Each structure stands twice: as C-alpha cells, then as structure tokens.
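**Q** predicted model and sequence follow; I will ask about them next.
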Amino acid sequence: MDTPTPEILVVDDQADFARGLKRLIEGHFPNVRVHLAMSGDQALARLGRSPVDLMVTDLQMPGMSGLDLIRKAMAESPALSVVMLTAHGSIETAVDALKAGAYDFVTKPIEPDALFRVVAKGLERSHLLRENRRLRTRLERHKDRLIGDSPAMERLKRSLAAVAATDYTVLILGESGTGKEVVAGMVRDLSARVDKPLVTVNCTAIPENLLESELFGHVKGAFSGADKDREGLFVKAHTGTILLDEIGDIPLETQAKLLRVLQEGEVRPVGSDRLRVVDVRVIASTNQDLQARIAEGSFRSDLYHRINVLSLTLPPLRERQGDIALLARYFLLKACSELGLPDKDLDPATLGRLAAQDWPGNIRELQNAMRKLAVFGPVGDAVAPYMAAGGAGGDLPPFKEAKAQMIDGFTANYVREALRQSGGNITRAARFSGLSRVAVQNMLARFGIDPDEFRNA
C-alpha cells in the first residue's frame, strides 16, 4: 500500500547549519523529504502552501523568534508536531516552548542519536494524529451504519476506529444478527485499503468439497469438472480485504491450508505445485465459541491465534436496551421509505414494550419486526402498542400479561431516558420526571439499571 512521504521543515537562520541538519536527517531517514526555511516568516509561508508532518526550529532567530513561530504555527495547525532546538542552559525557555505547543526539544550542539529519537517520535505522533482525523471523518460519514449511543456501542465505535487504523487480522465475535458483516465492512471502509477489493466468503454456504477451490483456486484437471484454471477468492482480494464469515465452519483440512496463507502470504491452487503471493487483510467472523471448538478438536488452536490478532465483540441487543428506541425508529422510517409509505412513528408504550424484549435474533429480528409494522401498522402519528405485542403477525399474548409487560418496558425505558438526560444524576432524573428520589432508586433496583452507565455517556 502506498503511504505519503513524511515532510519535515527545518527552520534556522544559519544556512550552513540548516543544510547540515537536512543532510543528517535525510541520511538517517531515507524516506523523508526535508525542506528549509531561514526565518519564521519563510516558515509560515511554507506551512501556508502545504502542511508538513514535523517542524524543527531554532529558538534564537532574528526577527520572529522560535517561540513566536511555534505559537503562530500551532494557531494555524494545532496538530503540527514541533521540535525546538535550544542551547545548553536554556531549559526554562525549552519549557516555555513546550507550553506553547512544541512536542519536544533538542539541545545544541546536536547529538545525532538524540535528534533521531525525537524526530522519529515526532513523525510517529503526526502519523497517528493524521490517521485519527481521517478515521473520525470517515466514521462520521458511516455513522448511520452503526446506530446507538449506549456505553456498549460507544466502546465498540472507539475499538473499531483503532482496529481499522491497523493492517492486522481481525476476529469479529457476536451472536447471530448483531451486525458482524456491517462492522467488518466498516473496518475495511475506515482502513487504508478502502479503495481496494473487498471479497466476502460465506463459509457455511460453500460445500466442504468446494471450499478449498473457492478460496485458493484450482488448475485445469485438478478434479472432475475442473475444465479450466480458476483464480481463488484470495487472489481476487489481492491488495484488498477478505471477510471469512462464519470461519468456525471451515473443515480442519482447509483450516491447515488457510493457516499457511496467513503465515506465508502465499496460496497454492488445488492441483498446482506453484505458489502465488497475495497481499490480503483478513477479517474473520463467527457466532461460535471457538475456544470450545478447539477443546473438542474441531478448530485448530494455531489458526485461532493467527486470526485473533485483534478482536471486536459485538454486544447483543439485550445488553444495549438504551439503543432499542433509536434503532426501532430508524428501521421503521427506513422500511416506510423503502415501501413508499407515509412515515410512521412509535408511541412511548410501544417503545417500552420493545425495550423490554430479549430479542434473541438481535438487530435482524428488530429490523424484521419494524418491517412488519411498516406494512401492517395503522397510518397515523404513532403505531399502537398492540402492534408490537403481536398485531404484526405474531401471537397475541394475554391482555394482562401484555399490559404488564408494556408498563414495565415503558417504565424502564422512561427511567433510562431520564438518566441519560441527567447524566446519571438520580436527583436530577427524579426532578425531571416529577418522581421522588426514592421512587427512582426503587425503579433502578427493580430493573437492574446502573446510573453510572449514563455518566459522561
């Protein structure tokens, strides 16, 4: 993958010293490009034309001082990494430079090893800041693919952004219907391979005797029916990403060959004695307990450790009840739009009923329920509670049971919303809702709600 050439700006009014520093840095870092400026004004003009990753500037310069340059440069580019050059005995000034925004300082006369360490760290910092900005921008563009602001989802979003910034193999774990394929797609879309191929393999949908050929390809005559050479999916994903969905269902013999691909970066087509190098990022997903599969001998432990370099665990819907109202409304409006129907909404009692359910099918089950409501629910300001209780095609529960469930669900959902608005403060939540503090505390205990989850959420 192509990576941009790091750019360094050296600022010093002594031309010979500046050129010597340029030769020193480029000699140690052959892949960087060093530019020179002989004054603060020249440096600001250069920074205005195009950004740099690191600025190395002298402290004492005629005209604009190094400190003034740092302040002005940081005002324009807060993420700029700056290294200050200062003479021995000027530690107080170096501290002032750090307060002004400098990343680090190096004393004169220059010790090359010390300079190289600071430059390397400064470039690494700039790279991380640039990646974080890129990921935040992309994550904002894809926010409608990962809906929810519960603590569990906020943790997942942070982890997803961190994982996407790397090129390591990722294992995505989660129950059926939690959105593993969506998250896998986001890992790819937030990565540096976003413009490269994405190949998805449903390991359960391919017959066992054909899976190896599908993954690694085959040559003509390798087996009955192989009437021509065929590229495998790993070759099609070259330079990009491959998603091995439900990797726990891959047979042991194929697991051994997959392990070689991960270890060596090479595939051998079925029936061939030639290897082909592939550059592929692997994302694997499963709803199975792979460690249990290892214990029973149906999954290789060495393959498990190869795919579990980084992992993301998707929470089931029952562990993110605070997101159910948001998800339900989103899916209902989306279904109405897809069907060309007038928008429908969900009243509080219905939302409470939805939040009280376990949803064993997770997001997929909730989405299907909202599709039913879009089709069968009455047109009006809000879909009636009985629709969520079974009017959209399910079995209608006894009236008393349905009523009790809806009241409990509404109460729990209401209290969560009050806590969310109060930042987890029980006293403020009670004041918002017109209830006593004791009543709110009793509800928290009854429904097992932890107010700490809503602090800083």
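**A** The structure has been received and is ready for your questions.
**Q** contacts, neighbours, all on C-alpha from now
**A** Will do.
**Q** which parts of stretch 440-447 are buried?
**A** 440-441, 443-444 (16 or more other Cα atoms under 10 Å).
**Q** and for it, what are the contacting residues?
**A** With Cα atoms under 8 Å, 6 or more residues apart in numbering as the test, stretch 440-447 has contacts from 412, 415, 426, 429-430, 450-451.
**Q** next up, the contacts around the most centrally placed residue in the chain.
**A** Closest to where the C-alpha atoms of the chain average out (Cα atoms, centre = their mean) is Leu160, at 2.1 Å. Residues near Leu160 by Cα under 8 Å, 6+ apart: 183, 187, 312.
**Q** repeat that for Ser337.
**A** Asp343.
**Q** quick check: which element contains it?
**A** Assigned by DSSP states H and E, Ser337 belongs to helix 324-339.
**Q** A helix includes Thr200, no?
**A** No: with DSSP: H, G, I helix; E, B strand; the rest coil as the criterion, Thr200 is strand rather than part of a helix.
**Q** how many neighbouring residues does the residue nearest to it when sequence neighbours are not counted have?
**A** Leaving aside its chain neighbours, Thr200 sits nearest to Leu243 (4.7 Å; criterion: Cα to Cα, 6 or more residues apart in numbering). Counted by other Cα atoms under 10 Å, the residues lying close to Leu243 total 24.
**Q** just give me the neighbour total for Gln261.
**A** Wrong residue type there; residue 261 is Val, not Gln. 20.
**Q** is the nearest residue to Ser436 once chain neighbours are set aside in a helix, a strand, or coil?
**A** Distances taken as Cα to Cα, 6+ apart put Ala430 closest to Ser436, at 5.6 Å, once the chain neighbours are dropped. What three-state DSSP gives for Ala430 is helix.
**Q** Ala430 is in contact with Gln421, isn't it?
**A** No: judged on Cα atoms under 8 Å, Ala430 makes no contact with Gln421 at a distance of 11.1 Å.
**Q** what ranges does the stretch 101-250 of the chain have for its strands?
**A** Counting by DSSP state E, counting those that start in this stretch, the stretch 101-250 of the chain has strands at residues 104-108, 170-173, 198-202, 217-218, 230-231, 241-245.
**Q** average pLDDT across the first one?
**A** Averaging pLDDT along strand 104-108 yields 85.
**Q** ok, the third one next?
**A** Predicted confidence along strand 198-202 averages 94 (mean pLDDT).
**Q** buried set for it?
**A** 198-201.
**Q** what sits up against it?
**A** 188, 233, 236-237, 240-246.
**Q** turn the contacts of Leu160 into TSV, columns for neighbour count, distance to Gly174 and pLDDT.
**A** As requested, the contacts of Leu160 are arranged in TSV below (neighbours: other Cα atoms under 10 Å; distance: Cα to Cα, whole Å; pLDDT from 0 to 100):
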residue	neighbour count	distance to Gly174	pLDDT
Val183	20	11	94
Val187	24	15	93
Leu312	20	8	96
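**Q** and which of those is nearest Lys121?
**A** Here the nearest of the contacts of Leu160 to Lys121, counting by Cα to Cα, is Val187; it sits at 26.5 Å.
**Q** show me what counts as buried in the helix holding Ser337.
**A** Applying 16+ other Cα under 10 Å to helix 324-339 flags 324-325, 327-336 as buried.
**Q** with stretch 17-35 instead?
**A** 18-19, 21-22, 25, 32, 34-35.
**Q** just give me the closest of those residues to Phe116.
**A** Ile25 (7.3 Å).
**Q** mind listing what the closest one touches?
**A** With contacts defined as Cα under 8 Å, 6+ apart, Ile25 is in contact with 34, 116.
**Q** just to revisit the earlier point, now do the helix holding Ser337, average pLDDT.
**A** The average pLDDT within helix 324-339 is 86.
**Q** could you do stretch 25-42 as well?
**A** For stretch 25-42, the mean pLDDT works out to 93.
**Q** again, but for stretch 159-171
**A** Per-residue pLDDT values over stretch 159-171 give a mean of 93.
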